[in-house]
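# here is a sequence together with a model predicted from it:
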Amino acid sequence: MKASLASALEHRGNDHADHTQNFERTTGITWHAPVPSGWVDGRRLSVVLPANNVGYCLPMVLDALEAQTYGRHFEVIVVDDASTDTTAKTIATHPAVTAGLRLPAPHGAATARNLGTYLAQGETVLYVDADMLLPRTTVADLAARATEHAVLTGFRHNLPHGAAWPHTGPDLAADHRVTWRPPANTSLLYSGIVLRQPLDGRPLEHTREFRDLGHGRMYYDWDLPRMVVTALLAVPRAAVLDIGGFDAEFGRIGWGMEDTYLGACLIASGLLVIPLRQAVGFHLDPPDAAEQWQHKLGTWPATLARYRALLAQPARSGRRAVFTASMNSLLHSCEVLR
């Protein structure tokens with residue numbers, strides 16, 4: 001009988017020093033420094049955006065992708081999850097979009113990302129939220145460092161709707177994986193632990209760039225799979241296909257944990273999770289951000305319960321054929337926007 005996913009995670013370390021040092025030796029560029037404008041080395045890359053009612057920000061997000069300084073061509077695939085606003089029109093007309101599809105009914109971001117991954121031609125898939133505005137060097141920085149062995153994670157700076165834009169650009173410290181101040185005397189969402197005193201948490205720093213989270217270790221409410229956030233994430237496409245993509249059930253039952261489960265499966269298959277401090281984007285909040293957040297929190301117990309159940313099952317692998325067949329069938333039901 002195959003070991004459970006939880007057991008497989010306990011056998012996987014995350015010491016990525018050799019990986020980052022090899023990049024530095026080969027290029028002469030430090031791991032957290034931007035590559036020069038026009039950089040052309042690196043793996044072929046496809047950007048995949050799931051989009052649902054993001055008409056308020058999608059044009060800006062695509063403008064930013066069109067303005068990237070990466071000197072090598074990369075495709076942009078946008079999958080509309082049956083939006084009811086101007087999202088589909090933007091996808092159909094914006095010049096940054098290489099391919100655009102519209103699902104016939106809402107399926108959730110997991111399915112939208114899966115379909116984009118299926119269509120992607122690049123060796124690396126860069127998952128970007130459709131409300132994530134990227135600085136000009138971000139795609140090049142991720143593409144330059146992408147390999148078949150690494151999950152590269154960027155960071156996000158939430159910007160409230162209508163707020164003034166900081167002149168200095170997005171701030172790394174704004175991400176909860178970098179600066180984390182959890183409430184005291186409250187059960188934390190993921191682990192359930194209760195902190196009796198206020199904590200000035202620094203997950204990125206205190207875990208030595210996530211290296212100390214290998215072998216199933218925790219930093220209070222954080223473990224290594226939780227560091228895998230698809231707001232900005234570069235992953236080898238072959239590895240995603242092998243595990244069968246994202247688990248679409250998460251999108252059907254609520255919010256959260258689909259990227260955590262993807263991370264757990266990729267870690268179990270032997271990939272390293274490596275942060276890029278210079279890869280930080282603005283996460284543009286919608287006008288009704290507070291209402292959306294409350295709705296998401298209401299569905300969290302269901303998605304967390306599914307994740308816990310999946311941890312008890314064997315780690316997924318060898319699912320490329322099933323994934324391909326499923327996506328090919330879904331593709332035939334989609335409207336081609338571009």
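Thanks, I have the structure now. Numbering: from 1, shown residues only.
# what's the offset of the helix or strand harbouring residue 77 from the middle of its chain?
Using DSSP states H and E, residue 77 sits in strand 75-80. Centroid displacement of strand 75-80 relative to its chain, using Cα atoms, centre = their mean, to the nearest Å, is 15 Å.
# same thing with stretch 258-269?
With Cα atoms, centre = their mean, you get 11 Å for stretch 258-269.
# got the CA positions of the biggest strand by length in the chain in PDB?
Across the chain, the longest stretch assigned as strand under DSSP state E is strand 272-284. What follows is strand 272-284, C-alpha atoms only, in PDB (Å, rounded to 0.1, in the frame of the first residue of the first chain):
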ATOM      1  CA  LEU A 272      11.600  22.300  -3.700                       C
ATOM      2  CA  VAL A 273       9.600  25.400  -2.700                       C
ATOM      3  CA  ILE A 274      11.800  28.500  -3.200                       C
ATOM      4  CA  PRO A 275      10.800  32.200  -2.600                       C
ATOM      5  CA  LEU A 276      11.800  35.100  -4.800                       C
ATOM      6  CA  ARG A 277      11.800  38.300  -2.600                       C
ATOM      7  CA  GLN A 278      11.900  40.600  -5.600                       C
ATOM      8  CA  ALA A 279       8.800  39.000  -7.200                       C
ATOM      9  CA  VAL A 280       6.000  41.000  -5.500                       C
ATOM     10  CA  GLY A 281       2.800  42.200  -7.200                       C
ATOM     11  CA  PHE A 282      -0.100  44.400  -6.200                       C
ATOM     12  CA  HIS A 283      -3.200  42.300  -5.400                       C
ATOM     13  CA  LEU A 284      -6.000  44.700  -6.400                       C
END
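# who does that strand pair up with?
strand 132-133 (antiparallel), strand 150-159 (parallel) (DSSP bridges).
# quick one: contacts for the residue lying closest to residue 195 once chain neighbours are set aside?
Nearest non-adjacent residue to residue 195, counting by Cβ to Cβ, 6 or more residues apart in numbering: residue 184, 5.2 Å away. Backbone N, C-alpha and C define where each C-beta goes, glycine included. Counting by Cβ atoms under 8 Å, 6 or more residues apart in numbering, residue 184 touches 195-199.
# assumed residue 184 was part of a helix.
No. If the criterion is DSSP: H, G, I helix; E, B strand; the rest coil, then residue 184 is coil and not within a helix.
# hmm, back to that, neighbour-wise, give me the winner out of the contacts of residue 184.
When neighbours are counted by other Cβ atoms under 10 Å, residue 195 leads the contacts of residue 184 with 16 neighbours.
# can you point out the buried residues in stretch 249-264?
249-251, 254-264 (16 or more other Cβ atoms under 10 Å).
# and the contacts of the strand holding residue 77?
46-52, 58, 62, 65, 87-88, 91, 96-103, 112-113, 115-116, 119-122, 130, 337-338.
# make CSV out of the strands paired with strand 272-284 and add distance to residue 311, mean pLDDT and mean neighbour count.
Shown next, in CSV, are the strands paired with strand 272-284 (distance: least, Cβ to Cβ, whole Å; pLDDT from 0 to 100; neighbours: other Cβ atoms under 10 Å):
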stretch, distance to residue 311, mean pLDDT, mean neighbour count
strand 132-133, 28, 96, 24
strand 150-159, 18, 97, 23
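# I'd like those strands written out as a markdown table, with distance to residue 143 added.
Shown next, in a markdown table, are those (distance: least, Cβ to Cβ, whole Å):
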| stretch | distance to residue 143 |
| --- | --- |
| strand 132-133 | 16 |
| strand 150-159 | 9 |
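# ok, which of these comes nearest residue 236?
strand 150-159 (7.6 Å; Cβ to Cβ).
# rounded to a whole number, what's the mean pLDDT of the following helix or strand past the closest one?
Heading C-terminal from strand 150-159, the first helix or strand you meet, by DSSP H and E, is helix 203-206. Helix 203-206 carries an average pLDDT of 98.
# tell me how many other residues crowd residue 277.
Using other Cβ under 10 Å: residue 277 sits among 16 other residues.
# is it correct that it is in contact with residue 30?
No. Judged on Cβ atoms under 8 Å, residue 277 makes no contact with residue 30 at a distance of 10.3 Å.
# identify the residues contacting residue 182.
Here residue 182 is in contact with 188, 195, 199, 201, 220-221 (Cβ under 8 Å, 6+ apart).
# between those residues, which sits nearest residue 160?
residue 201 (22.4 Å).
# what about the spatially closest residue to the closest one that is not a sequence neighbour, how many neighbours?
Spatially, and ignoring its direct neighbours in sequence, residue 201 is nearest to residue 180 (3.6 Å; Cβ to Cβ, 6+ apart). Counted with other Cβ under 10 Å, residues neighbouring residue 180 total 18.
# for residue 124, see how far away residue 180 is.
Per Cβ to Cβ, to the nearest Å, residue 180 is found 28 Å from residue 124.
# got the contact list for residue 101?
Residue 101 neighbours (Cβ under 8 Å, 6+ apart): 78-80, 115, 119, 331, 334-337.
# I'd assumed residue 179 was in contact with residue 173.
Yes. With contacts counted by Cβ under 8 Å, residue 173 reaches residue 179, the gap being 4.7 Å.
# looking at these two, which one has more neighbours?
residue 179 (16 against 11).
# and residue 1, what pLDDT?
For residue 1, pLDDT reads 65.
# isn't residue 323 up against residue 241?
Yes. Counting by Cβ under 8 Å, residue 323 does reach residue 241; the two are 5.8 Å apart.
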